[in-house]
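Trainee: I would like to see how this sequence folds:
(2 chains)
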Number of protein chains: 2
Amino acid sequence: MKALLNQKSVKTEQALRAIAHMPTSSLAVLMDKDFAQSLTDDDFMRIAVLLAQKSYDEGGCPIGAVIVDNTTKQILGKGHNTLVQDNHPYSHGETSAIKDAGRIDFSDTTLYTSLSPCEVCATLLSLRGFNRVVVGDVTNASGTEVFLQERGIQLDILEDEQGIALYARFCSQKPELELEDWQGVSACRSIANARSLT
Amino acid sequence: MKALLNQKSVKTEQALRAIAHMPTSSLAVLMDKDFAQSLTDDDFMRIAVLLAQKSYDEGGCPIGAVIVDNTTKQILGKGHNTLVQDNHPYSHGETSAIKDAGRIDFSDTTLYTSLSPCEVCATLLSLRGFNRVVVGDVTNASGTEVFLQERGIQLDILEDEQGIALYARFCSQKPELELEDWQGVSACRSIANARSLT
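Mentor: Residues are numbered from 1 along each chain as shown, chains lettered A, B, ... in the order given. Have a look, this model is predicted:
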C-alpha cells in the first residue's frame, strides 16, 4: 500500500487539512512514516488550528489540539472542542485529543494546542505526564503557562496568526459561548444578572 | 402515565439500583416528583455507590457520581468512571455525570461522588460553579476537600461503608489500574522502572 503523502510530497495547506480531518486510526493510509518525520512544530500547530477551524465551521468553539510522538512524529491523538457539538460542558481540545489517543503513555509526547490551556486542562496535562506542550495563542487566554512549567512540562509558545485571529473573531461574535466554555453556564447567568442591575 | 415509584414507595436497595442503571432522560417513567422529593443525601450517595458497583462489575474503576437539583431533588446527571470501558484516560465519575447532565447551570445543584475528587475534577467542579459537593469516601483518596471549600463550594462528607469497602477491594486487586486512573500510564511505568532497579 502506497500512501498519498510521502517524503517527496509538499506540505500544502490541503495536505495538512486532510490530516486534520481524517480519523487518527486511518492516518497511515494518508501519509507514510517519512512524511510524518518531515512534519515540524509549525505544521503540527497548523493542524491544531485547522481542527479549530473545523469546530468553528460546525458552530462550535474554535480550539484544536494534536498529540505527537516525540521520536516518530506520528500523530497519536487529535481533536477539537465539542461543547456545542456534543452538548458537553467540558470537552476541550486537549481532552478530545487525549480521549482520541486512548490509554497510552504520554511521557514522550508533545501536545500542540491552538489556545492556552484552561486551569482544568493544565492540571490534567500535568497529571497525565506530558513531556512537552506547545501553545499557539497566549493572547486570548488563561495564562497557565507558568503552572505547566512549574510542574516540569517543557512549554513552548508558537504563535499561529490565523489561529489567534480566528479565536479573536469567535470571542467577538459569541462572547457568551466563550465564557460558558471556560466557566460554565452559571458564570453567564451571573454576568447577565449583574447587567440587569445596572 | 403512572410511575413505578411514587410517594408511597419504599426506598429499597432494588429501587435505588434501578434508578442508578436507568438512563437519566428516562427516569420520569420510573419515579414521580414526590418520590424524588423523598430522596435524602444518604439515598443519592447510595445511588453513586451503586454506579461505582456497576463499573466494578464491568471490570472498570468503581467510582460513581450523581448530580441533583437542590430544590426539586431531580437527578440531572449521573455516571461512573469509564477508563476501562471507553479506553478513556480521563473519564471520571464526575466528568461522566457532568457530560450526562449537559450544558446546564450547576449553581443550584449538588454533586454526590463516591470517592474524593482528583485534582483535575476538583478544579472542574469549581470552574463549573457547583453549589455543593458530597463526598462518600475520603479514606482512599486525594484530599481535595480543602481546595473545594476555599473555592466557595459547600463540602460535606457522608461516608458510605459499602463504597469505602468496594474501593479498598479494587485498590488491593488492581493497584496499577487505580494508579493509571489518577496519574496516567506514565506513572505506572515510572514505578515499574523503579522496582526493576531495586
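Trainee: Quick one: list the elements packing against the strand or helix carrying residue A:79.
Mentor: According to DSSP states H and E, residue A:79 maps onto strand A:75-80. Helices and strands touching strand A:75-80, by 3 or more CB pairs under 8 Å, 6 or more residues apart in numbering or on different chains; DSSP states H and E, are helix A:41-57, strand A:64-69, helix A:93-101. Heads up, the C-betas are built off the backbone N, CA and C, glycines and all.
Trainee: can you give me the offset of that strand from its chain's centre?
Mentor: When distances are taken as CA atoms, centre = their mean, to the nearest Å, strand A:75-80 is centred 8 Å away from the chain's centroid.
Trainee: May I see the buried residues of stretch A:70-80?
Mentor: By 16 or more other CB atoms under 10 Å in any protein chain shown, the buried positions in stretch A:70-80 come out as A:73, A:74, A:75, A:76, A:77, A:78, A:79, A:80.
Trainee: Export that stretch to PDB, keeping only CA atoms.
Mentor: Provided in PDB are the C-alpha atoms of stretch A:70-80 (Å, rounded to 0.1, in the frame of the first residue of the first chain):
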ATOM      1  CA  ASN A  70       8.400  12.900  20.100                       C
ATOM      2  CA  THR A  71      10.500  10.400  18.200                       C
ATOM      3  CA  THR A  72       8.400   9.100  15.300                       C
ATOM      4  CA  LYS A  73       6.400  12.300  14.900                       C
ATOM      5  CA  GLN A  74       3.300  10.100  14.400                       C
ATOM      6  CA  ILE A  75       0.000  11.700  15.400                       C
ATOM      7  CA  LEU A  76      -1.300   9.700  18.400                       C
ATOM      8  CA  GLY A  77      -4.500  11.700  19.000                       C
ATOM      9  CA  LYS A  78      -6.200  14.900  17.900                       C
ATOM     10  CA  GLY A  79      -9.500  16.700  18.300                       C
ATOM     11  CA  HIS A  80     -11.200  19.900  19.000                       C
END
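Trainee: Need the contact partners of it.
Mentor: A:19-20, A:24, A:27, A:33, A:36-37, A:39, A:44, A:47-48, A:51-52, A:54-55, A:60, A:62-69, A:93, A:95-102, A:104, A:108-110, A:131-132 (CB atoms under 8 Å, 6 or more residues apart in numbering or on different chains).
Trainee: Got a quick ChimeraX command for the buried subset of those?
Mentor: In ChimeraX syntax, the buried subset of the contacts of stretch A:70-80 is picked out as below (16+ other CB under 10 Å):
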select /A:19,20,24,27,36,39,44,47,48,51,52,54,55,60,62,63,64,65,66,67,68,93,95,96,97,98,99,100,101,104,109,110,132
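Trainee: Give me the subset of the contacts of stretch A:70-80 that also touch chain B.
Mentor: Restricting the contacts of stretch A:70-80 to those touching chain B (CB under 8 Å from any CB of the partner chain) yields A:95, A:98, A:99, A:101, A:102, A:104.
Trainee: still on that earlier bit, closest to chain B out of the buried residues of stretch A:70-80?
Mentor: residue A:77 (9.4 Å; CB to the nearest CB).
Trainee: For the closest one, list each beta-bridge partner.
Mentor: Per DSSP bridges, the residues bridged to residue A:77 are residue A:67.
Trainee: distance of it from residue A:136?
Mentor: 17 Å (CB to CB, to the nearest Å).
Trainee: in chain A, which spans are helices?
Mentor: Taking DSSP state H, the helices of chain A run over residues A:13-21, A:33-38, A:41-57, A:93-101, A:119-127, A:145-150, A:161-173, A:175-197.
Trainee: Export those helices as CSV, with columns for mean pLDDT.
Mentor: As requested, the helices of chain A are exported to CSV (pLDDT from 0 to 100):
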stretch, mean pLDDT
helix A:13-21, 96
helix A:33-38, 96
helix A:41-57, 98
helix A:93-101, 98
helix A:119-127, 97
helix A:145-150, 95
helix A:161-173, 96
helix A:175-197, 89
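Trainee: Using CSV, lay out those together with distance to residue A:7.
Mentor: Below are the helices of chain A laid out as CSV (distance: least, CB to CB, whole Å):
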stretch, distance to residue A:7
helix A:13-21, 13
helix A:33-38, 4
helix A:41-57, 14
helix A:93-101, 25
helix A:119-127, 32
helix A:145-150, 34
helix A:161-173, 26
helix A:175-197, 39
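Trainee: contacting residues around the residue nearest the centre of chain A?
Mentor: Centroid-nearest residue in chain A, with CA atoms, centre = their mean: residue A:65, separated by 1.9 Å. Taking CB under 8 Å, 6+ apart as the criterion, residue A:65 is in contact with A:48, A:51, A:78-80, A:92-94, A:96-97, A:111-114.
Trainee: can you do 6 Å?
Mentor: Each residue near residue A:65 by CB atoms under 6 Å, 6 or more residues apart in numbering or on different chains is listed here: A:48, A:93, A:94, A:97, A:113.
Trainee: before we move on, what about residue A:107?
Mentor: A:129, A:131, B:186.
Trainee: measure the second one to residue B:63 for me?
Mentor: Counting by CB to CB, the gap from residue A:131 to residue B:63 is 28 Å.
Trainee: and what of the first one?
Mentor: In this structure, residue A:129 and residue B:63 are 21 Å apart, going by CB to CB.
Trainee: Residue A:165 too?
Mentor: Residue A:165 is 42 Å from residue B:63, by CB to CB.
Trainee: cool, residue A:11 as well?
Mentor: For residue A:11, the distance to residue B:63 - CB to CB - is 44 Å.
Trainee: do the same with residue A:177
Mentor: 31 Å.
Trainee: picking up where we left off before, show me which of the contacts of residue A:65 is closest to residue A:123.
Mentor: Set against residue A:123, the nearest of the contacts of residue A:65 by CB to CB is residue A:94 (10.7 Å).
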